[in-house]
Structure formats: structure tokens, C-alpha cells
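**Student:** Provided below for reference: sequence and predicted model.
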Amino acid sequence: MTKLKKTYCILSLIFAIAVFVAVLFASQNRTTVYAASMDPDSIDSLDNTAANTSTGSGSESDSKGGLSISINNDEAGVASEVRALLLLTIIAVSPSLLIMLTSYTRIVIVLHFLRTAIGTQTAPPNQILIGLALFLTFFIMWPTFQQINENAIQPLDNGDITIEEALKEAEVPIRQFMYGQVQRKDVKLFVDMAGDSYDIDSAALEKEYEESGQSAYDAIPMTIMIPSFVIGELRQAFIMGFVIYIPFIVIDMVVASVLMSMGMMMLPPTTISLPFKILLFILADGWNLVIGSVVKTFY
């Protein structure tokens, strides 16, 4: 590791610690603690308690002085510090969520297969492929993101639901997206490995779920659904990569055969076949075909 990388890592760690300490101090400043000796109402309550004790009467609630805590000024909304902490947490785990729970995996693998099949090692560069995969992912997942925002994020921000309820509401649209892509054999594989038993193969049960507007996978936890979904995405991406490879392999074989028949065995076939593969890709409007085919597999 170079000196620049070490300096960058140290500065990043210091910045993260500083943000965490600032959030803690801000949270303490927003929390108000009233001692019984400082609150006038509590002082009156203690005087009444003393008077009741001297007369031998008094309620149990009056005899308990003590501590009252007011957090976020007794408002139902989420405090700004909690919002900041949630935002930092989401930013930290967003790469994993983006890769595992969306269409990003299939898209980026297909694009890399396409570049390898053509034979251009660095064109398009990785930044272009990743950026294109991100925007295609947002295009495909936008209805899902809108449902999460309407059903989970906005109610949580308004204080209408708790964090646990928001997580459950956000899980529903993601599950609906997964149900259209996951395969039953992948779910069964992880169910068997987990030692659980879910009746997902019964036709009668599936019909019952369809009539109720639910899915047979609703009872399966996310710890099983997510790896099942990822395996299905990898399978579909490799199938599409194989189909993309076929025409370019044919061009490589034809060029290699012609060069061998001409006795030019020392000339690499890829040097001659690369322009023909690029020409074929352009004439077939390859970007339109590949991107359109990948996106349509999610509908």
C-alpha cells in the first residue's frame, strides 16, 4: 500500500469518528432531563407528598418523585440526529443493497460479457459500463423505489410509523420485484439447506395464494429469498452472455481458418477479426439489441 493510500485511509477513519462523535453530542444536546428538584411542578408534587405523608394519606403516584425525560421536545417525528444516523447507515450499506436486491447484477455481468466477446479490452471502460448499469438499474427499479418512498420513507419521516414498521413496508416492494425473477428450484435449495420446510410446490396452495393476492413466497424469510434471487440473476446473466458470444466466436473461427489456409499462422487471428466484429456489432445495432433485451427480461 502506497503512502497516499495509507494517508487516505487514516483521514477517512478520522472523519468517520468525528461525524459519529458529533452525532452523539448533538443527540445529548437535544435530550432534556428534568430533576425533581429543578421542576416547579415536581417541587409542588413533593410538597403535596410530604403533606399527605404527615396526614397518613396519599396516592402511590404522588409518593414517587424522580426523573422525567423529554426527548425531541415530545414530538412524534424522527429527530434530525436520528435521521442523520439512518442516512449514514443507508449510505454504508447501499452498495451491497444495490448489488444484491436490484437488477444491477444481471446488467453489469451481461455488459462485461459483451465487451469480452467483442475483444476490446478497455473499450468501453469500466466507468462507462458501471455508470450505464446504474442508470439502467434506476430505470428498471424506479417503480419499486417510488413504492418504498411512499409507503416507508415518507410515513417514517412524518412520524406516522416506527422504524420497524418502515422496514416491513419497504420489504414488500422488494419482495414483489424478486418474485418475478426468482426460480422455485433456487428457493427450494436454500430452504433445504436451512433445514426449514415451506410448502411452495403445492398447486392448491399456489392457487389459494393467487386468489388472495399474495404469493407462496411470503412466508419465506429474506435470508433465503436474497441468495435465491442472486443465484437466479447469475444464471440469467451467464445464459445471455453465452448467446452474445456465439456470433463473435463464429467470426473468430472463420478468420482463424482463413489465416491458416493462407499460411499466416504467425498472425494473431484477433488482430484481423476485431474490426469485423466491431463492424458486425455496428450493423446489427448491437447496443440497442443488447440493452433492450436485458431490460425486457425484467418485465
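**Tutor:** Great, that's in hand. Residues are numbered from 1 along each chain as shown.

**Student:** neighbours of P143, just the number please.
**Tutor:** P143 has 11 neighbouring residues, counting by other C-beta atoms under 10 Å. The C-beta positions use only the backbone N, C-alpha and C, and glycine is treated the same way.

**Student:** against N288, how distant is it?
**Tutor:** From P143 across to N288, the span is 23 Å (C-beta to C-beta, to the nearest Å).

**Student:** so which elements touch the host helix or strand of V108?
**Tutor:** Using DSSP states H and E, V108 maps to helix 104-118. Applying 3 or more C-beta pairs under 8 Å, 6 or more residues apart in numbering; DSSP states H and E, one finds that helix 104-118 contacts helix 126-148, helix 222-261, helix 269-283, helix 286-296.

**Student:** list of residues touching it?
**Tutor:** Here helix 104-118 makes contact (C-beta atoms under 8 Å, 6 or more residues apart in numbering) with 98-99, 121, 123-124, 129-130, 132-134, 136-137, 230, 233-234, 236-238, 240-241, 244-245, 248-249, 274, 277-278, 281, 286, 290, 294, 297.

**Student:** only C-alpha atoms, please: export it in CSV.
**Tutor:** The C-alpha coordinates for helix 104-118 follow below in CSV (Å, rounded to 0.1, in the frame of the first residue of the first chain):
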residue,chain,number,x,y,z
TYR,A,104,-27.7,-4.4,-11.3
THR,A,105,-26.0,-7.8,-11.1
ARG,A,106,-27.5,-9.1,-14.3
ILE,A,107,-26.9,-5.9,-16.3
VAL,A,108,-23.3,-5.4,-15.3
ILE,A,109,-22.4,-9.1,-16.0
VAL,A,110,-24.0,-9.0,-19.4
LEU,A,111,-22.2,-5.8,-20.3
HIS,A,112,-18.8,-7.3,-19.3
PHE,A,113,-19.6,-10.4,-21.3
LEU,A,114,-20.3,-8.2,-24.3
ARG,A,115,-17.1,-6.3,-24.1
THR,A,116,-15.1,-9.6,-23.7
ALA,A,117,-16.9,-11.2,-26.6
ILE,A,118,-16.1,-8.3,-28.9
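
**Student:** pLDDT averaged over it - what is it?
**Tutor:** Rounded to a whole number, the mean pLDDT of helix 104-118 is 91.

**Student:** ok so, going back, export the helices and strands packed on helix 104-118 as JSON lines, with columns for mean pLDDT.
**Tutor:** Supplementary listing: the helices and strands packed on helix 104-118 in JSON lines, determined by pLDDT from 0 to 100:
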{"stretch": "helix 126-148", "mean pLDDT": "90"}
{"stretch": "helix 222-261", "mean pLDDT": "89"}
{"stretch": "helix 269-283", "mean pLDDT": "86"}
{"stretch": "helix 286-296", "mean pLDDT": "90"}
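
**Student:** I am finished for the moment; much appreciated.
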